[in-house]
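J.: Give me a model of this one.
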Amino acid sequence: MERMEDLSLERLVAGCNTGLCWQLIADLDSEDVRSMLTQLTMERLRRKSFEISQTLDNTESSWLQTAYTYILYYLLGKQNRNAAKRLAKAVSYNILMRENSALYKIEALLLGGAGLLEIYNDGVVAKLQQEFQHLRAKYNIIPLEAEAWQLSGIRLNNHPVLRLAQLAACIHENHLAMQNFVECHNNNDVRQLFSCRASDYWVDILSRYSNESSIANKIGSTMSNILAINAIVPLMYTYSTYVDSQTIHDKSMDLLRKLSVEDNTYTRQWHYVKPIATSAFDSQALIQLSTEYCKRRLCHECPLAKRLLHRKGRISK
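T.: You can find the predicted model right below:
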């Protein structure tokens, strides 16, 4: 076990990504840890807010289009984020709202625009393809090709076809509005926001091509948590600045503190000695620490290193 009195910046750099800091963070005072986590979470939120502001600028200040873009981006998973961005541009939220009188039109636009209708062949898909060709001509849509999507190696509950069908149901019920996001106070509210059921047809057709069972019509709790942490909270945070609302700012912070802690390779390592994160507010801080400081070996700028060395100085006196 590393002794605090032997610690130096050089030792921290040499021990970067070896587990050294995972041990040392457990020795910090809870007040120091809390202060550091808050600093890191706010850093991460500000970075995400900057990216959202750029997207907002590129969408002529449309919060609906911006929210739709970020929901698509995270809903469709890491393997398909580039395709999700392209789809958001190809089939805008404005187009979806114009055709929102019927669910099948939204399905035709999203799945047809994604180029994913062509991978199936039956009467229902044929009707959707016909509807998409009409809407494609009406709005000058240039669809993606099916090859743009990563489909192999993905569990059916995360399959782009199912996710787009679920999103179509949510859009049809007018759930992707900033006002609805602002009204989310906890994870149950977020789950309710995305509780719309995809058409049974999409569950059935996906089941035909797999042995997997229990394919869900609805977006599940894990994904709703991901959407809340990575899309809804940053959107609320950015929107609070845009409309100059301390109330919305506070709501975004409160929601993040009520969301479940993330369990992934970044957060798990920091719990090597004892639990550090108790909510998504904390786990976002640990992800920021891992990706922006540890991964880049920026120990000289790291808020944890500064606190460890400051504590070492107090011990040495």
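
J.: Residue 262: what secondary structure?
T.: coil (DSSP: H, G, I helix; E, B strand; the rest coil).

J.: mind listing what it touches?
T.: Residues near residue 262 by C-beta atoms under 8 Å, 6 or more residues apart in numbering: 225, 229, 277, 280, 283, 284, 287. (Each C-beta comes from the backbone N, C-alpha and C, glycine too.)

J.: isn't residue 164 right up against residue 112?
T.: No. Using C-beta atoms under 8 Å, residue 164 is not in contact with residue 112, being 10.1 Å away.

J.: Using CSV, list the CA coordinates for the helix or strand residue 251 falls within.
T.: Using DSSP states H and E, the element containing residue 251 is helix 246-258. Included here for helix 246-258 are C-alpha records, laid out as CSV according to Å, rounded to 0.1, in the frame of the first residue of the first chain:
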residue,chain,number,x,y,z
GLN,A,246,-31.8,28.9,-11.9
THR,A,247,-34.8,26.7,-11.2
ILE,A,248,-34.2,24.5,-14.3
HIS,A,249,-30.5,24.5,-13.5
ASP,A,250,-31.2,23.2,-10.0
LYS,A,251,-33.7,20.6,-11.4
SER,A,252,-31.0,19.3,-13.7
MET,A,253,-28.6,18.9,-10.7
ASP,A,254,-31.2,17.3,-8.6
LEU,A,255,-32.2,14.8,-11.3
LEU,A,256,-28.6,13.8,-11.8
ARG,A,257,-28.2,13.1,-8.1
LYS,A,258,-31.4,10.9,-8.1
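
J.: just checking, what packs against that helix?
T.: Where contact means 3 or more C-beta pairs under 8 Å, 6 or more residues apart in numbering; DSSP states H and E, helix 246-258 is packed against helix 233-242, helix 280-289.

J.: what's the average pLDDT for that helix?
T.: The average pLDDT within helix 246-258 is 97.

J.: before we move on, what about stretch 144-156?
T.: 93.

J.: With stretch 99-110 instead?
T.: 96.

J.: Would you convert the helices and strands packed on helix 246-258 into CSV that also reports mean neighbour count, mean pLDDT and distance to residue 301?
T.: Formatted as CSV, these follow (neighbours: other C-beta atoms under 10 Å; pLDDT from 0 to 100; distance: least, C-beta to C-beta, whole Å):
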stretch, mean neighbour count, mean pLDDT, distance to residue 301
helix 233-242, 22, 97, 23
helix 280-289, 25, 97, 11
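
J.: how about a markdown table for those helices, with distance to residue 35 added?
T.: Below are these laid out as a markdown table (distance: least, C-beta to C-beta, whole Å):
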| stretch | distance to residue 35 |
| --- | --- |
| helix 233-242 | 20 |
| helix 280-289 | 11 |
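
J.: Of those helices, give the one that comes closest to residue 189.
T.: helix 233-242 (12.0 Å; C-beta to C-beta).

J.: which helices and strands does that closest one pack with?
T.: helix 30-58, helix 63-75, helix 178-182, helix 246-258.

J.: Where among those helices is average confidence lowest?
T.: Looking at these, the bottom one is helix 178-182 with a mean of 92.

J.: which strands and helices sit next to that helix?
T.: With contacts taken as 3+ C-beta pairs under 8 Å, 6+ apart, helix 178-182 sits against helix 63-75, helix 233-242.

J.: Now do the buried residues in it.
T.: 178, 180, 181, 182 (16 or more other C-beta atoms under 10 Å).

J.: Tell me the first helix or strand C-terminal of it.
T.: By DSSP H and E, the next helix or strand past helix 178-182 is helix 187-193.

J.: Looking at the contacts of residue 262, which one is closest to residue 24?
T.: Of these, the one sitting nearest to residue 24 (C-beta to C-beta) turns out to be residue 277, at 16.4 Å.

J.: quick one: the closest one from residue 158, how far?
T.: 24 Å (C-beta to C-beta, to the nearest Å).

J.: Check residue 101 too.
T.: For residue 101, the distance to residue 158 - C-beta to C-beta - is 29 Å.

J.: can you check residue 100 too?
T.: 25 Å.

J.: Could you count how many residues lie near residue 279?
T.: 16 (other C-beta atoms under 10 Å).

J.: what's the nearest residue to it once chain neighbours are set aside in contact with, if anything?
T.: Spatial nearest neighbour of residue 279, excluding adjacent residues (C-beta to C-beta, 6 or more residues apart in numbering): residue 257 at 5.0 Å. Residues in contact with residue 257, defined by C-beta under 8 Å, 6+ apart, are 279, 280, 281.
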